[in-house]
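> quick one, structure for this:
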Amino acid sequence: MIMSTIAQNLQAVDASIVAAAKAAGRPRDAVQLLAVSKTFPAEAVQEAVAAGQRAFGENYLQEALDKIDALAKALPGQALEWHFIGPIQSNKTRPIAASFDWVHTVDRLKVAQRLSEQRPPQLGPLNICLQVNISGEASKSGVASAELDELARQVAQLPNLRLRGLMAIPQPQTDFELQRAAFARLRALFERLRADGIALDTLSMGMSADMAAAIAEGATIVRVGSAIFGSRKYE
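You can find the predicted model right below:
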């Protein structure tokens, strides 16, 4: 049963983060764990909440909205943080703007503008990461590195959004140094934007298979799903 192991898995992932942070000379609290709960039921999220996890990442909008509603009813008053980490269709921005605390996958101005216009003002600014196609893969979403500076300047000026940082899903590598190299490229872009006066504080990078390399290169959010919830029935 996946439910009986989620708390143990969270402990194991936390231990891995502690070890990776220590090896990089960074404090544990410099790295936030985002539990990627896509495809798993609300009950699995509730089990993770009982084990102390508060931030959850979702890729599929309708599934996420149903889950957010179910958790609000099951755990009234429980402050959870919901991150949208999937591809964004421009006609789906309104419910994303209204239901999430963070969006990691903004890669074009039109989407950012719609999120800004549709963010309910009483919720405060929506936290935004720009997704960068760091490996230049034709099949991957994300703004090209060469176009990032202009997009960041434009998004940073939109009302109702707070540009926090960058996100990437590099081409999968099994070699630790190759993993680090891709994350180092994202960190260099992050530092360049900061040097240009854009106040960023977030690097959303690293998943179950490459989390240690991401932490070595300065990740502040790691997105971990299968190592917590188990293998998925569908993607």
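> ok, and what's touching the longest helix seen in the chain?
Determined from DSSP state H, the single longest helix within the chain is helix 176-195. Here helix 176-195 makes contact (Cβ atoms under 8 Å, 6 or more residues apart in numbering) with 132, 134-135, 145, 148-149, 152, 165-166, 168, 170-171, 173, 200, 203, 205-206, 210, 212-214, 216-219. C-beta here means a position set from N, CA and C on the backbone, and glycine is covered the same way.
> filter these down to the buried ones, ChimeraX style.
Selection of buried members from the contacts of helix 176-195 for ChimeraX, criterion 16 or more other Cβ atoms under 10 Å:
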select :132,134,145,148,152,165,166,168,170,173,200,203,205,206,210,212,213,214,216,217,218,219
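> strands - which of the contacts of helix 176-195 land there?
Gly165, Leu166, Leu203 (DSSP state E).
> who's the first one bridged to?
If I follow you right, that is Gly165. Cys129, Thr202 (DSSP bridges).
> which ones are touching the nearest residue to Ile215 once chain neighbours are set aside?
The shortest distance from Ile215 to any non-neighbouring residue, by Cβ to Cβ, 6 or more residues apart in numbering, is to Ala20 (4.0 Å). Ala20 makes contact with Val31, Met211, Ala212, Ile215, Ala216 under the criterion Cβ under 8 Å, 6+ apart.
> and the residue nearest to Gln118 when sequence neighbours are not counted, how many residues sit next to it?
Excluding its sequence neighbours, the residue lying closest to Gln118 (Cβ to Cβ, 6+ apart) is Ala97, at 4.0 Å. The local packing of Ala97 (other Cβ atoms under 10 Å) involves 21 other residues.
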